[in-house]
Structures are given as C-alpha cells and as structure tokens.
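S.K.: Dropping the sequence and predicted coords here.
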Amino acid sequence: MNNCFRNFIFPAFLTIITGFTFFINAQKSQTKNGKPNILFILSDDHTSQAWGIYGGLLKDYVQNKNIKRLADEGAVLENAFCTNSICSPSRATILSGQYSHINKVYTLNEALPEGHPNIAKALSKKGYQTAIIGKWHLVRPPEGFDYFNVLPGQGLYWNPILKTKENWKDGHDGSAGKKYTGFSTDVITDLTIEHLEKRDTSKPFLMFCNFKATHEPFDYPERFKSLYANDIIPEPESLYDFGPETTGRTFEGQKLENLAKRWHQATVDPDNFWTSYPGLPYSLEGLDSIQKRKKIYQKLVKDFMRCGAAIDDNIGKLLDYLEKEGIADNTIVVYTADQGYFLGEHGFFDKRLIYEESLRMPFVIRYPKEIKGGQRIDDIILNIDFAALLADYGGVDNTDFIQGVSFRENLKGNTPAGWRKEMYYRYWLHDPVRPGHFGVRNERYKLAFFYGQGLGMKGASKESSEPVWEFYDLENDPKELHNAIDNPQYATVIANMKKAIRVEKQKYKDTDDEYPVMKEIIENAF
C-alpha cells in the first residue's frame, strides 16, 4: 500500500468510525433513561396576532420561519388561554398549574410562597436536571431548579444583568449580578445552549429558556433596524375605537395615546423615566386624533414585529442545537407566550383583559416520537394544564397540587370524553380604567363581570368602579365590538353562563368568601 493511499484511507476511516460512535452515544444518551428531555421556551407578550401561523393582518409581515418550522413538525393549540393575563401571575400558573388565588401570585412583584410546589420540583424528584435562564419576575429565588441565571425584575434589553444563586438579591435588585454583552434574546439563548452543553447526558433535562421579549419597550437588535421601514402595516378594524360609547364597552382601557405619552416622557426626561424606547424622538406634532393614532400604531406594530423576529431567530438556533446533539427526536419543545397583547385592537396596547387578543396564549409543541406534525388542536387548553402535561411526560405520580389536566391525549388527536367546554378567567389588578373582573368563555360565547374592586391586592387601585356585565357572541362578533348584555335574544344564554361562572368558581375554589365587599356585589349581580 503506498503512502498516498494510506494517508487518504486511514483518516477517512477514522472519521467514519468517530462519527458512528458519536451517533451511537447520542442515541444511548436519549434512550438510556426512557424519559424525554423538555425545552420550554417562554416569551413575554408575544401575542398570537404576531406569530403568523394564526393568520390575521400581520401574517404576511412577521418573520416566523422557525415558529412555522415547529408548527409544521408539531401541534398548534388554536384555543389556549391564560387564567390571569399579566406577566408574574401567568408565569406562576405555568410553574404551579394553579390559579392565582391558589399560588398567591395575583398581581405584579409577588413571589410564590416559600416551599410551594411546582413542576420543576416534581420533575427533579423523577431524575430530571432542571434549569431556568432568562426572565423570572417572581421576586424570590427560583425553587426546584438545579441551576438558574435570571434577569432582575423585568431586566434590560441591552447588555442585560443576570443573577444566580451565588449573587442573588430579591426583587429587581441586580446590583450583584453579572452583565452580559449583547441583546437579551441572543444572550439568553447563548446561555441556554452553554448550560445544555454542560449537562449530564445520562439524565433527562427540563430547561426553561425565558425571553424578556416582546415586552414593552419592544426593542430589537440592530440587524432588524430597517425591517418594515418602507411598509405600511394593515390596521385592525377597531383601531379607531376611541371610547366605550362606540361598542358598549364599560371601561376606558389602556389607549394607544398613553404609549405615545411614554415615548414623549422618555424623550424629554430620559434620566427619570423607567425605560428607553427604540426610534426616539418620534414626533406626533400637528396631527389630529386619527392621524396620531394611525402613526402610533405603525411604530408600535413595527417595533413589536422586529422584536419578535429576534425571538424567531433564536428559536432556530435552539432547534439547530438539538439537531446537532442528536437529541431532537427525544426532546419535547414548547414555544409559548405568557399571555396575549393588544396591538391596536379596540385602540389599546398592553393586556390584562378577558378580550380575545389578551386572553389567548399562542402555543406550539413538537415531540417527534409522539406528536404528529402539522396538527391543529381546537380543544380549550389553559395555562394551568401546562404543568400537568409536563408531569405526564416526565412520569410524575403525584400531581394533586395541579388544578389543570394533562392534554397529552388531545395532542395525539384523542380528545378525552368530558373535556372542558368552557374556561374561567380572573384578573385581580384592579384600576377603574381596567377593572378587576372574572368571567367564562365557552366555544361560542363570553360573559364577563367587571366587579370593580381592588380587594387590597398589591398595586391595585383603592378607587372602586361600578359593577357591570359584558357579553359577546364570538361567532357573530369575533372581534368583540358589540357588548350584547342587554340584547333580549341572549337572555337565556346569559342566565346559563351566570350559573356556569358560579360552578367554575366553586370548582377552582375561587369563592370570594374572604372579601366581605364582594358578597353583596355578587348577590346583586347574580
């Protein structure tokens, strides 16, 4: 054998053997324990209108290559809903599988009680390695996680500080944390991959990758700065809803003009404002009310989609990593957002309300071993169900602390008999412009009771508002533009839904017995 031939064949042979060995070891690492890995990707406010896969006005504008990749290879939930549409409570519910009145995170800047059960603790007991990186927003250090590296409070978009067990200070205090260079979505993804590379491959993992995006101020990396620069984005039908009198709505809401006021304050007094926004200054001088709202909407929605484009980029990076590691087939990947968000609908921004744009949680899940690709699941799924699903996949025996139900069979196309036909919602952070309320949504109708009391909740207004009802027929009025509470043709439906609210409140132990002011209000209303 000549030297030239030997120098060619032997290295090639070694390369083949090495590759084959890597493949075999990768297969062993993903089958040795028999349990799937779980990568749970959670963003903030990344509403379904801006995912593209749910259709809508923005579907031809949003960059969603990797979200679509997940959807094509997995299942999309068409009717996933949150039970309290605000950041901290939804995150507490995802972890605990419980409504806010059970896990005690009702509003903002509240912690899960010390020692409270959660899905990370449950899976850790079943041999899972558990970690969370990114947004936490629950004041105290995470429990049940072998490792955490999280933002203080809401955190920063640029050069974020993150804190670990070793440098922890409660709440928004990041003074002892470590600063990382770059844009937060990129940084959080890189830290997630870095941590996964150090994992024990003989054990399954539960990895929460929690993005700050797309929370206000909707910032984005430089690579997306020119995106949509020459586009005029289509407007929602209710963009020019300027007040309750146009729809029968019973409260003012968070108007787009309030966002413009924040832009102005951040421009004229940046040192004393809570955040900074991209693309300032942004002049609205000399515009009438219609022109002003039109221009505010264009900036909001473009910034939001640019911020979302960075999420899609990084989802792709995470999926590519799983493929490279040879563990994609045995890894459950979830991508969801903690709630929805108004992008000009009803003239609003923000969330909090039982209205569809705020209530709906976009959700996609991929698990090649079990979930058929390209599915659309119509069943009503709640964020209390997420922990139950993960517990099911991880073989957790005792899930008594979880109020939700696993939807594993639903994802196979086998909806269990007796699956819920309605869902119960409650928002606690009362303010007269967005009152405290609870209600029920079923497959066609929605009934909400705005009871208008702060009930001593942290951050809630002490100013009460008049208790009122709203009712919507989602088949005939899918955009919720006409409050039909006084329409006699719905009298029987409304009466039945009032009964349903009472049933749901009892079912989930949300009785209001500890709030004396509510007794008379509820008696008079029902």
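M.R.: Looks like it came in fine.

S.K.: which residues of this protein fall in helices?
M.R.: Secondary structure of the chain (DSSP state H): helices at 3-31, 65-73, 87-96, 100-103, 119-124, 184-197, 256-268, 289-325, 356-359, 384-394, 408-411, 491-507, 516-525.

S.K.: Please identify the deepest-packed of the ones you listed.
M.R.: Highest mean neighbour count of these: helix 87-96, a mean of 25 (counted as mean count of other C-beta atoms under 10 Å). Bear in mind the C-beta positions are built from the backbone N, C-alpha and C, glycine included.

S.K.: Mind giving me the packing neighbours of that helix?
M.R.: When contacts are defined as 3 or more C-beta pairs under 8 Å, 6 or more residues apart in numbering; DSSP states H and E, helix 87-96 sits against helix 100-103, helix 119-124, helix 384-394.

S.K.: could the ones you listed be laid out in a markdown table, adding distance to Lys509?
M.R.: Shown next, in a markdown table, are those (distance: least, C-beta to C-beta, whole Å):
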| stretch | distance to Lys509 |
| --- | --- |
| helix 100-103 | 7 |
| helix 119-124 | 20 |
| helix 384-394 | 12 |
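
S.K.: pretty sure Val62 contacts Tyr54?
M.R.: No. With contacts counted by C-beta atoms under 8 Å, Val62 stays clear of Tyr54, the gap being 10.1 Å.

S.K.: Comparing these two, which residue is more hemmed in?
M.R.: Val62 (22 against 17; other C-beta atoms under 10 Å).

S.K.: Dump the helices of the chain into a markdown table; add distance to Ala213 and mean pLDDT as well.
M.R.: Listed next are those as a markdown table, based on distance: least, C-beta to C-beta, whole Å; pLDDT from 0 to 100:
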| stretch | distance to Ala213 | mean pLDDT |
| --- | --- | --- |
| helix 3-31 | 30 | 44 |
| helix 65-73 | 13 | 98 |
| helix 87-96 | 13 | 98 |
| helix 100-103 | 24 | 98 |
| helix 119-124 | 23 | 98 |
| helix 184-197 | 5 | 98 |
| helix 256-268 | 17 | 98 |
| helix 289-325 | 5 | 98 |
| helix 356-359 | 18 | 98 |
| helix 384-394 | 20 | 98 |
| helix 408-411 | 26 | 98 |
| helix 491-507 | 33 | 98 |
| helix 516-525 | 37 | 97 |
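
S.K.: Any chance of those helices in JSON lines with distance to Pro432 as columns?
M.R.: Output for the helices of the chain, formatted as JSON lines (distance: least, C-beta to C-beta, whole Å):
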{"stretch": "helix 3-31", "distance to Pro432": "54"}
{"stretch": "helix 65-73", "distance to Pro432": "37"}
{"stretch": "helix 87-96", "distance to Pro432": "20"}
{"stretch": "helix 100-103", "distance to Pro432": "21"}
{"stretch": "helix 119-124", "distance to Pro432": "36"}
{"stretch": "helix 184-197", "distance to Pro432": "34"}
{"stretch": "helix 256-268", "distance to Pro432": "14"}
{"stretch": "helix 289-325", "distance to Pro432": "22"}
{"stretch": "helix 356-359", "distance to Pro432": "18"}
{"stretch": "helix 384-394", "distance to Pro432": "29"}
{"stretch": "helix 408-411", "distance to Pro432": "39"}
{"stretch": "helix 491-507", "distance to Pro432": "22"}
{"stretch": "helix 516-525", "distance to Pro432": "15"}
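
S.K.: Out of those, flag the one nearest Gln154.
M.R.: helix 87-96 (8.2 Å; C-beta to C-beta).

S.K.: what ranges do the strands span in the stretch 151-300 of the chain?
M.R.: 161-162, 178-179, 205-210 (DSSP state E, counting those that start in this stretch).

S.K.: Need the winner for burial among those.
M.R.: strand 205-210 (a mean of 25).

S.K.: Tabulate the CA atom coordinates of that one in CSV.
M.R.: C-alpha atoms of strand 205-210 as CSV (Å, rounded to 0.1, in the frame of the first residue of the first chain):
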residue,chain,number,x,y,z
PHE,A,205,-33.4,17.8,31.3
LEU,A,206,-36.1,20.3,32.0
MET,A,207,-34.8,23.6,30.5
PHE,A,208,-36.8,26.8,30.7
CYS,A,209,-35.5,29.4,28.2
ASN,A,210,-37.4,32.6,29.1
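
S.K.: And for that strand, what's in contact with it?
M.R.: By C-beta atoms under 8 Å, 6 or more residues apart in numbering, the residues outside strand 205-210 that reach it are 37-44, 119-120, 123-124, 128-136, 145, 150, 188-189, 192, 195-196, 199, 318, 390, 394.

S.K.: That strand pairs with which strands?
M.R.: If you go by DSSP bridges, strand 205-210 pairs up with strand 37-43 (parallel), strand 129-134 (parallel).

S.K.: Select, out of these, the one closest to Lys294.
M.R.: strand 37-43 (27.4 Å).

S.K.: can you tell me which of the strands paired with strand 205-210 comes nearest to Lys169?
M.R.: Across the strands paired with strand 205-210, Lys169 has its closest neighbour in strand 129-134 (17.2 Å, C-beta to C-beta).

S.K.: how big is the angle separating the closest one from helix 184-197?
M.R.: Following axes from the mean of the first three to the mean of the last three C-alpha atoms, to 10 degrees, one obtains 160 degrees for the angle between strand 129-134 and helix 184-197.

S.K.: angle of strand 129-134 against helix 87-96?
M.R.: Using the same axes, to 10 degrees: strand 129-134 against helix 87-96 is 170 degrees.

S.K.: List of residues touching strand 129-134?
M.R.: 42, 120, 123-124, 142, 144-151, 162, 184, 188, 191-192, 195, 199-200, 203-212.

S.K.: Stretch 170-179 too?
M.R.: Outside stretch 170-179, the residues that reach it (C-beta under 8 Å, 6+ apart) are 109, 139-141, 151-155, 159-164, 167-169.

S.K.: try 6 Å
M.R.: Residues from elsewhere that reach stretch 170-179 (C-beta atoms under 6 Å, 6 or more residues apart in numbering): 139-140, 152-153, 159, 161-163, 167, 169.

S.K.: Measure how far that stretch is from the centre of its chain, please.
M.R.: Using C-alpha atoms, centre = their mean, to the nearest Å, the distance from the centre of stretch 170-179 to the centre of the chain it belongs to is 24 Å.

S.K.: average pLDDT for it?
M.R.: For stretch 170-179, the mean pLDDT works out to 96.

S.K.: try stretch 148-167
M.R.: 97.

S.K.: got a list of contacts for that stretch?
M.R.: Under C-beta under 6 Å, 6+ apart, the answer for stretch 148-167 is 132-133, 135-136, 142, 172-174, 176-177, 179-181, 184, 187, 212, 219.

S.K.: Report the buried members of the residues you listed.
M.R.: Among the contacts of stretch 148-167, the ones that count as buried by 16 or more other C-beta atoms under 10 Å are 132-133, 135-136, 142, 174, 177, 180, 184, 187, 212, 219.

S.K.: Now flag whichever of those is closest to Val334.
M.R.: Using C-beta to C-beta, Ile132 comes nearest to Val334 of those, at 13.7 Å.

S.K.: Counting neighbours, what do you get for the closest residue to Arg249 other than its chain neighbours?
M.R.: Distances taken as C-beta to C-beta, 6 or more residues apart in numbering put Asn483 closest to Arg249, at 6.0 Å, once the chain neighbours are dropped. Each residue near Asn483 was counted by other C-beta under 10 Å, and the total is 19.

S.K.: what does Val468 give?
M.R.: 18.

S.K.: Grab the nearest non-local neighbour of it.
M.R.: That would be Thr250: by C-beta to C-beta, 6+ apart, it lies 4.3 Å from Val468.

S.K.: With distance to Arg376 added, can I get the buried ones among the contacts of stretch 148-167 in JSON lines?
M.R.: Formatted as JSON lines, the buried ones among the contacts of stretch 148-167 follow (distance: C-beta to C-beta, whole Å):
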{"residue": "Ile132", "distance to Arg376": "29"}
{"residue": "Ile133", "distance to Arg376": "30"}
{"residue": "Lys135", "distance to Arg376": "28"}
{"residue": "Trp136", "distance to Arg376": "32"}
{"residue": "Pro142", "distance to Arg376": "33"}
{"residue": "Gly174", "distance to Arg376": "41"}
{"residue": "Gly177", "distance to Arg376": "41"}
{"residue": "Tyr180", "distance to Arg376": "38"}
{"residue": "Ser184", "distance to Arg376": "32"}
{"residue": "Val187", "distance to Arg376": "33"}
{"residue": "Lys212", "distance to Arg376": "29"}
{"residue": "Asp219", "distance to Arg376": "32"}
